[in-house]
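Asker: got a predicted structure here, sequence first:
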Amino acid sequence: MPQKTLPGLDGIRLAAILWIAVYHFGAELSVAGAYSPAFFTTGACAALVLGAVFWMTALSGACLSLKYTAVPFRLGEYAKNRFWAIYPLLWLFFFPLFLYSDVLHHNNAGVAPWRLVFSVLGIDGYLSAWTPTFYKIGEWYLGCQILLYCLFPLVLWGLRRRGRQGVLAAAMLILWGAVPFLFPDNVDPFHTVCGQLPVFAAGAAFGRWLADPQQAGRKPLAASAGLLAAAVLCGAASLPDYYTYSLAALGLFWPAFLLGQLLRGRAAALAHRAARLCYGVFLVHHVGITLVLAPRLKALPASPAVWAAGLAACLAGAFLAAWVGQAIVGFLRRLLSRAKPRPAPGK
C-alpha cells in the first residue's frame with residue numbers, strides 16, 4: 001500500500017505551478033509595457049516553462065496510476081472523483097467573470113451563446129485556438145488535462161497486464177515520434193492532447209513503479225538516465241524541440257521526486273497543504289495578472305523592487321483565492337451530502 005502522501009509529488013506540483021505563475025507574471029508585464037526582467041522573453045525561459053508543463057502532465061499520470069494501483073478502478077467512482085476535483089472550483093471562478101465580462105459589459109458579443117458549453121466543460125481554452133469561445137480561465141492546459149483524464153482508463157488498462165504494457169509502450173512511442181509531423185505549422189504540437197499523451201502515459205508508468213517498493217529504486221533511475229541521454233542526443237541532432245523538452249522533463253522527474261522526498265515533518269506538511277491549492281492557483285493566477293496587477297504595475301516606477309513586490313502579491317493573491325474557493329466548494333459539498341435522503345431503517 002503506497003503512502004497516503006508523498007512529499008516528492010507535492011514538491012513537483014509546487015515547483016511546476018510556481019514557475020508557470022512566475023513566467024506568466026514576467027511575460028504578461030513585458031507585453032503590457034511594464035518593467036520585467038529580460039529573461040522572461042528568452043528561449044531558456046520558454047524551455048523551462050515547457051518542462052514545467054510536461055512535469056504537470058507526468059505528475060497527473062503518476063498520481064492517478066499510483067492511486068489505482070492501491071484501490072480497484074471503478075469507472076463511475078473515477079468519473080465522480082474527477083468531477084469534484086475539477087468542475088466546482090472551475091465554475092466558482094468562471095461564472096462571476098463571465099457575468100462581469102460577457103453579461104454586464106457585452107464582451108465576446110459575436111460568440112454564439114451555445115458555445116458556453118465549452119466553458120462549462122472546461123475545454124474553452126483548449127478549443128480557443130480553433131474556434132471562438134468564452135474562454136476566461138484555465139488556459140489551453142485545462143482542456144488538455146480533462147481530455148487526458150478521459151483517456152486514463154485506457155492507459156491504466158494497458159499498464160495492468162504485462163502483455164498489454166508492451167503494446168501501450170509501442171503505441172506511445174509511435175505517437176511521440178509522429179507528433180511533430182501530425183499538425184500544420186501554425187499548430188504547436190506541445191499544446192495538443194496528442195503531444196501530451198505520451199508524457200502522461202510515461203508518468204503513469206512512474207506511478208506504477210512508485211507503488212512497488214522493490215522497483216522504485218531501480219527501474220525509474222535507469223529510465224531517467226536513458227531519457228536524459230536521449231534528450232541530449234536529440235538536442236545535439238537539432239531535432240524538433242518537442243523531443244528534447246519532453247525527454248528532459250521526464251528524465252528529471254524522478255530525481256526531482258527523490259529530492260522532494262527529503263522533506264520531513266512540518267516542511268512536508270506545509271508542502272502538502274500548498275500543493276492541494278495548486279489547481280486553484282493555476283485557474284486564477286493568469287487572469288489576476290492581466291486584469292488586476294499588470295495595469296497597476298505599469299503605472300508605477302520601473303524597478304526590480306516593484307516587480308518583486310508585484311510577484312509576491314500575485315502569488316499570495318492566487319493562493320488566497322484558491323484557499324477561499326476550495327473552502328466554499330468543501331462547504332457546498334458538505335451541504336449536498338447532508339441533503340441526500342437517508343435510507344429507511346432496516347433497508
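Answerer: Good, I have the coordinates.
Asker: ok, how many other residues are close to the closest residue to residue 21 other than its chain neighbours?
Answerer: Beyond its immediate neighbours in the sequence, the residue positioned closest to residue 21 (CB to CB, 6 or more residues apart in numbering) is residue 285, lying 4.6 Å away. The way it works is simple: take the backbone N, C-alpha and C, and place the C-beta from them, glycine included. Residue crowding around residue 285 was assessed by other CB atoms under 10 Å; the count is 26.
Asker: and the contacts of the strand or helix carrying residue 285?
Answerer: Assigned by DSSP states H and E, residue 285 belongs to helix 278-288. Contacting residues not belonging to helix 278-288 are listed as 13-14, 17, 20-21, 24-25, 28, 85-86, 89-90, 93, 97, 136-139, 141-142, 314-315, 317-319, 321-323, 325-326 [CB atoms under 8 Å, 6 or more residues apart in numbering].
Asker: now with 7 Å, please.
Answerer: If you take CB atoms under 7 Å, 6 or more residues apart in numbering as the criterion, helix 278-288 is touched by 13-14, 17, 21, 24, 89-90, 93, 97, 136-139, 314, 317-319, 321-322, 325-326.
Asker: packing partners of the one helix or strand residue 78 maps to?
Answerer: Element membership for residue 78, per DSSP H and E: helix 75-98. For helix 75-98, the elements it packs on are helix 139-159, helix 278-288, helix 304-339, judged by 3 or more CB pairs under 7 Å, 6 or more residues apart in numbering; DSSP states H and E.
Asker: pLDDT of the second one, averaged?
Answerer: Spelled out, it's helix 278-288. Mean pLDDT, taken over the full extent of helix 278-288, equals 96.
Asker: kindly report the same for the last one.
Answerer: Averaged across helix 304-339, pLDDT comes to 94.
Asker: relative to helix 75-98, how tilted is it?
Answerer: Here helix 304-339 points in a direction 130 degrees away from that of helix 75-98 (axes from the mean of the first three to the mean of the last three CA atoms, to 10 degrees).
Asker: quick check: angle from helix 304-339 to helix 278-288?
Answerer: Computed with the same axes, to 10 degrees, the direction of helix 304-339 lies at 130 degrees from that of helix 278-288.
Asker: can you pull the buried residues of helix 304-339?
Answerer: Under the neighbour-count criterion of 16 or more other CB atoms under 10 Å, helix 304-339 has 307, 310-311, 313-315, 317-319, 321-323, 325-326, 329 buried.
Asker: touching stretch 152-167 from outside, list them.
Answerer: Contact partners of stretch 152-167, identified using CB under 7 Å, 6+ apart, comprise 64, 65, 68, 73, 75, 168, 201, 204, 205, 208.
Asker: circling back: the inter-axis angle of the helix holding residue 285 versus helix 139-159?
Answerer: Computed by the same axes, to 10 degrees, the angle separating helix 278-288 from helix 139-159 equals 160 degrees.
Asker: next, the buried residues of the helix or strand following helix 278-288.
Answerer: Once helix 278-288 ends, the next helix or strand along the chain (criterion: DSSP H and E) is helix 294-298. Of the residues in helix 294-298, those buried by neighbour count under the rule 16+ other CB under 10 Å are 294, 297.
Asker: report the mean per-residue pLDDT for helix 294-298.
Answerer: The predicted model assigns helix 294-298 a mean pLDDT of 92.
Asker: then it to CSV, C-alphas only?
Answerer: Extracted in CSV, the C-alpha atoms of helix 294-298 (Å, rounded to 0.1, in the frame of the first residue of the first chain):
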residue,chain,number,x,y,z
ALA,A,294,-0.4,44.4,-14.9
PRO,A,295,-2.4,47.7,-15.4
ARG,A,296,-1.4,48.9,-11.9
LEU,A,297,2.2,48.0,-12.1
LYS,A,298,2.5,49.7,-15.4
